[in-house]
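Trainee: Sharing a sequence plus its predicted fold:
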Amino acid sequence: MVSAIQIGFYIAGIFNLCSVVPSRFFTDRLADVDVLFNGMGCKVICLWGLAYMALAERFEVAPLVSLVFGLEKLYYVIHWLLSIPSYDLSNLKKEQPEKAMFFATYGLADFMFAIFFLYVAFLHSENLFGPLE
């Protein structure tokens, strides 16, 4: 039976893989709005998503990986908080609404996933260091 935590890992992975939509399958220049989302950056985001899904079945034995995932998501949240004032969302909304929605919301979603990954790491903290029991 699939647990709620496993589903969370799969949802986080799918969310990251969906970054291909605002990037129009890596052909659009999201970097014109934020350099963090250049073509290479979007591909790496997809790789992170695959990593989340790869851990979905074994998260309890690798809480340090969940901790790293949480820290990675916090990096994007902090970047979003610092960058959102510079995004011209009103003009972007008129020209490319899906791109405007992405830049307006990705930080909120990443914050929720950061909390999720940090919670999973804490939940299985007995396996953080040392041999598995």
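Mentor: In hand now; what should we look at? Numbering: from 1, shown residues only.

Trainee: Could you find the closest non-adjacent residue to residue 67?
Mentor: residue 121 (4.0 Å; Cβ to Cβ, 6 or more residues apart in numbering). Every C-beta, even on glycine, is put in place using the N, C-alpha and C of the backbone.

Trainee: what's the lengthiest helix in the chain packed up against?
Mentor: When the chain is parsed with DSSP state H, its longest helix is helix 97-123. With contacts taken as 3 or more Cβ pairs under 8 Å, 6 or more residues apart in numbering; DSSP states H and E, helix 97-123 sits against helix 4-17, helix 63-83, helix 89-95.

Trainee: Would you mind getting the angle between it and helix 63-83?
Mentor: Relative orientation of helix 97-123 versus helix 63-83 (axes from the mean of the first three to the mean of the last three Cα atoms, to 10 degrees): 140 degrees.

Trainee: Go through helix 97-123 and flag the buried ones.
Mentor: 99-100, 102-103, 106-107, 109-111, 113-114, 116-118, 120-121 (16 or more other Cβ atoms under 10 Å).
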